[in-house]
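Enquirer: give me coordinates for this.
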Amino acid sequence: MLTAVLLLGAGFGAAGAELPDFTELVEDNAAAVVNVSTTRRQNERDPRMRDFEEFFRRFPPQPQPPSNARPRSLGSGFVISDDGYVLTNNHVVEGADEILVRFPDRRELNAEVVGTDRRSDLALLKVEADNLPTVRLGRSEDLDVGEWVLAIGSPFGFDYSVTAGIVSAKGRSLPTERNENYVPFIQTDVAINPGNSGGPLFNLDGEVVGINSQIYSRSGGFMGVSFAIPIDVAMDVVDQLKSAGRVSRGWLGVVIQEVSRDLAESFGLERPHGALISEVAPGSPADESELQAGDVIIEFDDKPIERSEELPHYVGRTAANSEVDVVVMRGGERLKLKVKVGELPDLEGDGSVGQGAPNEPSSLGLVLEDVPEAALSRFNLKGGVRVVQSTGPAADSGIRAGDIITRLNHQTVENQQGFREIAKTLPKGRRVPVLIVRGGVQTFVPLSVPE
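Expert: Predicted structure coming up:
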């Protein structure tokens, strides 16, 4: 019995000796990791501040600021070039009046936004400085599941905190509120909390392989599941923001779904794989090619498609107006088609101007704007209103920012004025159907009309 205990102890000792030592990695890279803070107008309350406010209410590190102080948003970032380019998350700096970058040596520099990309949640900043310490960039494609990774950031404002874990999975799909999916996230179990956003994720070679961006949580804090934007994706965005000030993505214009075992058999596939086209948007690149609803895309530009969520990642990183080979299964036959990839329309508001300015929040909890011409053309719509902000009854009904409302209580909505006229006639205290377009797909939601 004693021998067994000794052997068990020896085994733990051997395993413990193999655990990585992160001290050198931190020493070599901490100087290039920065704290990013922003200030906003007093009347623009940032919902992300709630986590910080609750934490500091319970554990105040200093006297509370006066009531007229402007809100501050805290995040992280890192220097990617010694002439002052800093990478962080878009949601850290979105809507900021001023951006302040603080270095570990306590230097504080004002930053300007070079460009942002909401679809990947990235922002490129620039500070006026030379010979700054920088991180080394790696390749996220070379990451293996189970590999050790480390994060440096400022959770809850605690500057330059270090946490470590492993890569839990790769290529995770996290659709946005517009049901878009252009980032194959790295999933880790590294402890990430509010304030870590925008900070670097390192491999054991001291190379940045990702940008910490999101967590899965029911409490607002870390629960063992974190997501990082792959550095390969991020640097493609950086290059485009530097050269053009905007990000261009490829676009097919199809609605896809996963291929189940039963569907695979019915479409003549030996096993479930590929992306099943359920709808082709009129006038889209797919519509102008030979792609059809019912096709199962199994290869795109010589890349095999195992799961449907992989297709948007490949299409988005394809240059607009390029011609690629697409292999589909159609009626049990394998076909190779030539498809010209279009450019994903900008529906985020940057350069996509509506025909009318957004109105004020209504009793339904909606802030609306007329639908831009690009969106009308993309979704083959004759009118409607786009949701800028959804709160109250609308949010409770599942209506989100970015949704396009085309019918309200069985009546066609042409523009903001038409929506307001119909809204006046809605029966109070009743539920009415609302037809929305989200990600090119039409769906009805029940809206509760306030008393």
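Enquirer: looking at the protein, which strand is longest?
Expert: The strand spanning the most residues in the chain, taking DSSP state E as the definition, is strand 161-172.
Enquirer: show me the contact partners of it.
Expert: For strand 161-172, contacts defined as C-beta atoms under 8 Å, 6 or more residues apart in numbering pick out 20, 22, 26, 143-155, 184-192, 196, 225-227, 309-310, 313. In short, each C-beta sits where N, CA and C put it, glycine included.
Enquirer: now the residues you listed: which count as buried?
Expert: 22, 26, 143, 148-155, 184-192, 196, 225-227, 309-310, 313 (16 or more other C-beta atoms under 10 Å).
Enquirer: so how far is residue 410 from residue 430?
Expert: 13 Å (C-beta to C-beta, to the nearest Å).
Enquirer: what about the two, which has more around it?
Expert: Counted by other C-beta atoms under 10 Å, residue 430 and residue 410 do not tie: residue 430 has more neighbours, with 12 against 9.
Enquirer: among the buried ones among the contacts of strand 161-172, which lie within helices?
Expert: 26, 310, 313 (DSSP state H).
Enquirer: tell me which of these is nearest to residue 372?
Expert: For those, the minimum distance to residue 372 (C-beta to C-beta) is 25.8 Å, reached by residue 313.
Enquirer: can you read off the pLDDT for the closest residue to that closest one other than its chain neighbours?
Expert: Of all residues not flanking residue 313 in the chain, residue 184 sits nearest, at 4.7 Å (C-beta to C-beta, 6 or more residues apart in numbering). At residue 184, the model reports a pLDDT of 92.
Enquirer: number the residues from 18 up from this point.
Expert: Sure thing, new numbering starts at 18, so read that last one as residue 201.
Enquirer: am I right that residue 201 is in contact with residue 249?
Expert: No - using C-beta atoms under 8 Å, residue 201 makes no contact with residue 249, being 9.3 Å away.
Enquirer: picking up where we left off before, out of the contacts of strand 178-189, which are inside strands?
Expert: 165, 166, 167, 168, 169, 170, 202, 203, 204, 205, 243, 244.
Enquirer: separation between residue 168 and residue 136?
Expert: 23 Å.
Enquirer: one more: residue 468?
Expert: Computed with C-beta to C-beta, the distance linking residue 468 and residue 136 is 39 Å.
Enquirer: same question for residue 188.
Expert: In terms of C-beta to C-beta, residue 188 sits 17 Å off from residue 136.
Enquirer: between those two, which one's more packed in?
Expert: Comparing residue 188 with residue 136 by other C-beta under 10 Å, the one with more neighbours is residue 136, at 20 against 15.
Enquirer: that one against residue 198, yeah?
Expert: No - using C-beta under 8 Å, residue 136 is not in contact with residue 198; the gap is 9.4 Å.
Enquirer: ok, the residue nearest to residue 330 - contacts?
Expert: Contact partners of residue 201, counting by C-beta under 8 Å, 6+ apart, are 187, 188, 189, 190, 247, 250, 327, 330.
Enquirer: can you put the residues you listed in CSV and add distance to residue 384 and pLDDT?
Expert: Listed next are the contacts of residue 201 as CSV, based on distance: C-beta to C-beta, whole Å; pLDDT from 0 to 100:
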residue, distance to residue 384, pLDDT
187, 38, 94
188, 35, 89
189, 31, 89
190, 29, 83
247, 34, 96
250, 31, 94
327, 35, 91
330, 32, 90
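Enquirer: for the residues you listed, which one is nearest residue 349?
Expert: Proximity of the contacts of residue 201 to residue 349 (C-beta to C-beta) peaks at residue 327, which lies at 22.8 Å.
Enquirer: residues contacting that closest one?
Expert: Counting by C-beta under 8 Å, 6+ apart, residue 327 touches 188, 201, 292, 320.
Enquirer: 7 Å instead, please
Expert: Contact partners of residue 327, counting by C-beta atoms under 7 Å, 6 or more residues apart in numbering, are residue 188.
Enquirer: what segments of the stretch 18-167 of the chain are helices?
Expert: In the stretch 18-167 of the chain, the helices defined using DSSP state H, counting those that start in this stretch lie at 19-34, 40-46, 66-75, 107-110.
Enquirer: which of these comes out lowest on mean pLDDT?
Expert: Between the helices of the stretch 18-167 of the chain, the one with the least mean pLDDT is helix 19-34; it has a mean of 43.
Enquirer: any idea how far residue 433 lies from residue 355?
Expert: Counting by C-beta to C-beta, the gap from residue 433 to residue 355 is 42 Å.
Enquirer: cool, residue 437 as well?
Expert: Taken as C-beta to C-beta, the span from residue 437 to residue 355 is 47 Å.
Enquirer: which one's more surrounded, the two?
Expert: residue 437 (14 against 10).
Enquirer: surely that one is within a helix?
Expert: Yes - counting by DSSP: H, G, I helix; E, B strand; the rest coil, residue 437 is part of a helix.
Enquirer: next one, pLDDT for it please.
Expert: 87.
Enquirer: same check on residue 237?
Expert: Here, the pLDDT recorded for residue 237 equals 64.
Enquirer: who's in contact with residue 40?
Expert: Shown in contact with residue 40 (C-beta under 7 Å, 6+ apart): no residues.
Enquirer: for it, give its distance to residue 208.
Expert: From residue 40 to residue 208 the distance is 18 Å (C-beta to C-beta).
Enquirer: now do residue 109
Expert: Plainly put, residue 109 is 18 Å away from residue 208 if you go by C-beta to C-beta.
Enquirer: what of residue 253?
Expert: Distance from residue 253 to residue 208, by C-beta to C-beta: 28 Å.
Enquirer: over to residue 239?
Expert: The gap separating residue 239 from residue 208 is 5 Å, by C-beta to C-beta.
Enquirer: where does pLDDT dip in this protein?
Expert: Residues of the chain that meet the criterion pLDDT under 70 lie in 18-34, 58-90, 192-196, 234-238, 363-379.
Enquirer: so what's the backbone phi/psi at the nearest residue to residue 358 once chain neighbours are set aside?
Expert: With sequence-adjacent residues excluded and distances taken as C-beta to C-beta, 6+ apart, residue 358 is closest to residue 267, at 4.2 Å. Note on residue 267: its backbone torsions stand at phi -70, psi 160 [degrees, to the nearest 10].
Enquirer: what about residue 267, how many residues nearby?
Expert: Using other C-beta under 10 Å: residue 267 sits among 23 other residues.
Enquirer: go on, residue 93?
Expert: 27.
Enquirer: identify the residues contacting it.
Expert: Residue 93 makes contact with 50, 52, 53, 105, 170, 171, 212, 213, 214, 215, 216 under the criterion C-beta under 7 Å, 6+ apart.
Enquirer: as TSV, these with distance to residue 463 would be great.
Expert: Converted to TSV, the contacts of residue 93 look like this (distance: C-beta to C-beta, whole Å):
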residue	distance to residue 463
50	47
52	45
53	41
105	39
170	41
171	42
212	38
213	38
214	34
215	38
216	41
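Enquirer: that'll do, ta.
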